[in-house]
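Student: Dropping a prediction and its sequence here:
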Amino acid sequence: MDKTKKILTLGLTAILALSGCTTTGNFSSEEWQLVREHENSKLSDTELWKKYRGSYNQYDNMSDDEFWNAVFMEEIYPEALQAAVNKANSTASTAKHTISYTLVELDVYGLGMKRSESYTQVLDIIAENGKWSCNAVNSDNFLDGFTDSLKWGEPGSADSSTEKESITNAESLICLYLSQDFPDIENASFKAYLCGGECTSVIFIEDMTSTIKYGEGCPDVEEDGTFIPTYEWDGEIAGINANGTIIGTAPTL
């Protein structure tokens, strides 16, 4: 069993022990929620478990524990995990595109990023209860602009109901566009790296409302913000760290 599956199995075993369950099919957990989302199902945990047990007739002679270890953990659950990683990567990719688009739009106002690899900026963007925020950038990395109504260098905030006309800083504009692109995201953390006017990479973790730190349970980056190519994930499924956290990356690592 690879490291990722071992971690997940240990975690699920602990959940079962704490809940007093003796059958692996009867428990509630984030892991079941991943399976439910993958199946686009509204069945309860127990109903979903019974569905799988009934669908794999060739394993009728197995006990629940045997079925869990041989089929669920080896076939069903890894497929759901991979789908969740793909979704996270897609979110990171969309965010990267949105941030890049915003930088191009800001160029029109003379607020683009300075065009040299010596100008770099990290954006820490957090959604919490549907409210989006972004750290204040170093305004020296950006042009001054042609208007006093919009500028860089202040903490940004917005949600999907924010009127664009009310925004006074570029950081908030990024928050607004992201909130519009991801109306279903309530809580999440993004880390974007800008270099010479381009968004070179994005890391995304859903249900996290603290700042992502490069190299701590997630990929580190080069000086230009591209991911270090030698980074290795902890298990056989790329996009899952040692804690079982699903991490979206753009470009996909």
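Tutor: Yep, that arrived.
Student: alpha carbons only for contacts and neighbour counts from here, please
Tutor: Noted.
Student: Identify the residues contacting T94.
Tutor: By C-alpha atoms under 8 Å, 6 or more residues apart in numbering, no residues touch T94.
Student: Ok, I125 next?
Tutor: I125 touches W132, S133, C134, N135, C175, S189, F190, K191, A192, T211, counting by C-alpha under 8 Å, 6+ apart.
Student: go on, N135?
Tutor: For N135, the contact set (C-alpha under 8 Å, 6+ apart) comprises L123, D124, I125, E154, P155, G156, E171.
Student: residue at max distance from the center of the protein?
Tutor: N61 (39.6 Å; C-alpha atoms, centre = their mean).
Student: Tell me the pLDDT of that one.
Tutor: We have a pLDDT of 83 for N61.
Student: what's the spacing between it and S133?
Tutor: 54 Å (C-alpha to C-alpha, to the nearest Å).
Student: what residues go with each domain of this structure?
Tutor: Split into domains by automatic domain parsing, the chain comes to 3-82, 101-250.
Student: And the ones you listed, which one averages the lowest pLDDT?
Tutor: Among those, domain 3-82 carries the lowest mean pLDDT (a mean of 68).
Student: still on that earlier bit, from the contacts of I125, pick the one nearest W68.
Tutor: Among the contacts of I125, S189 lies closest to W68 (C-alpha to C-alpha), at 32.8 Å.
Student: Am I right that that closest one falls within a strand?
Tutor: Yes - counting by DSSP: H, G, I helix; E, B strand; the rest coil, one finds S189 located in a strand.
Student: That one: how many residues sit nearby?
Tutor: 21 (other C-alpha atoms under 10 Å).
Student: Any chance of the contacts of N135 in TSV with distance to F146 and secondary structure as columns?
Tutor: As requested, the contacts of N135 are arranged in TSV below (distance: C-alpha to C-alpha, whole Å; DSSP: H, G, I helix; E, B strand; the rest coil):
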residue	distance to F146	secondary structure
L123	23	strand
D124	26	strand
I125	26	strand
E154	17	coil
P155	20	coil
G156	20	strand
E171	17	helix
